[in-house]
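**Q** sequence and predicted structure below; questions after.
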Amino acid sequence: NMKQLAAWVHRDKGLRFSPYAYVDTKNDLVFTREEVEGLMNDSTKRVWRTFAGSGDLIELTFADYYKRFVYDADFIQKAEIAVNKGLGQGTTINNLNEVYPKEQYDFVEYHIAGIDPSVEGMDWRSLRLVFEKIGEDHALVGIIHDQWTP
């Protein structure tokens, strides 16, 4: 529900999408609340950084990015959930706490330790939602996807 998601987006800072644990403040795409609401129906292909391992450009519409780097596993039904605690850890540098210091930000991590038992956890996934603290309230500023990478 993009309208509901957009309602959570920080009014001034917008929402940054990071395809991997390393948040790239120069190259990750950031969208305003108004833009977020219409992203699922936007046919524009954008460069969302590069794929880990190959270095090929991640050039996708938002709908395709969403399927690959936001909700690529059943995080609602199958994830372990933690607040302000990292659950998934791979080889990619996780700089969440540097970009989003805990004094100003909270995050919720949804983590699935593995999907296919035959690959022994080399298909784990995490989805981190980062919220800026605003008094007693919060506003969404980041969606970080993380996964096992070679």
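**A** Okay, I see it.

**Q** ranges for the strands of this structure?
**A** 15-18, 29-31, 46-50, 57-60, 80-83, 105-112, 125-134, 137-147 (DSSP state E).

**Q** count of residues packed around residue 51?
**A** 14 (other CB atoms under 10 Å). Using the backbone N, CA and C atoms, a C-beta is placed for each residue, glycine as well.

**Q** and for the closest residue to it other than its chain neighbours, the neighbour number?
**A** Nearest residue to residue 51, sequence neighbours excluded (CB to CB, 6 or more residues apart in numbering): residue 58, at 5.7 Å. Neighbours of residue 58 under the rule other CB under 10 Å: 18.

**Q** tell me the contacts of residue 84?
**A** 102, 106, 107 (CB atoms under 8 Å, 6 or more residues apart in numbering).

**Q** kindly provide the distance from the last one to residue 72.
**A** Pointing back at residue 107 there. 18 Å (CB to CB, to the nearest Å).

**Q** more neighbours: the two, which one.
**A** Ranked by neighbour count (other CB under 10 Å), residue 107 and residue 72 place residue 107 first, with 20 against 15.

**Q** my guess is the more buried one meets residue 100, correct?
**A** Yes: using CB atoms under 8 Å, residue 107 is in contact with residue 100, at 6.9 Å.

**Q** quickly list what's touching both of these two.
**A** 130, 142.

**Q** tell me what the residue lying closest to residue 85 once chain neighbours are set aside is bridged to.
**A** Using CB to CB, 6+ apart and skipping residues adjacent in sequence, the residue nearest residue 85 is residue 109, 6.9 Å away. In this entry, residue 109 is beta-bridged to residue 82, residue 128, by DSSP bridges.

**Q** wait, residue 105 sits on residue 133?
**A** Yes: Residue 105 is in contact with residue 133 according to CB under 8 Å; the separation is 6.5 Å.

**Q** which of the two has more neighbours?
**A** residue 105 (18 against 13).

**Q** contacts only, for the more buried one.
**A** 130, 131, 132, 133, 141.

**Q** buried ones among these?
**A** Neighbour-count burial (16 or more other CB atoms under 10 Å) is assigned, among the contacts of residue 105, to 130, 131, 132, 141.

**Q** state the pair within these that is farthest apart.
**A** Farthest-apart pair in those is 130 and 132; separation 7.8 Å (CB to CB).
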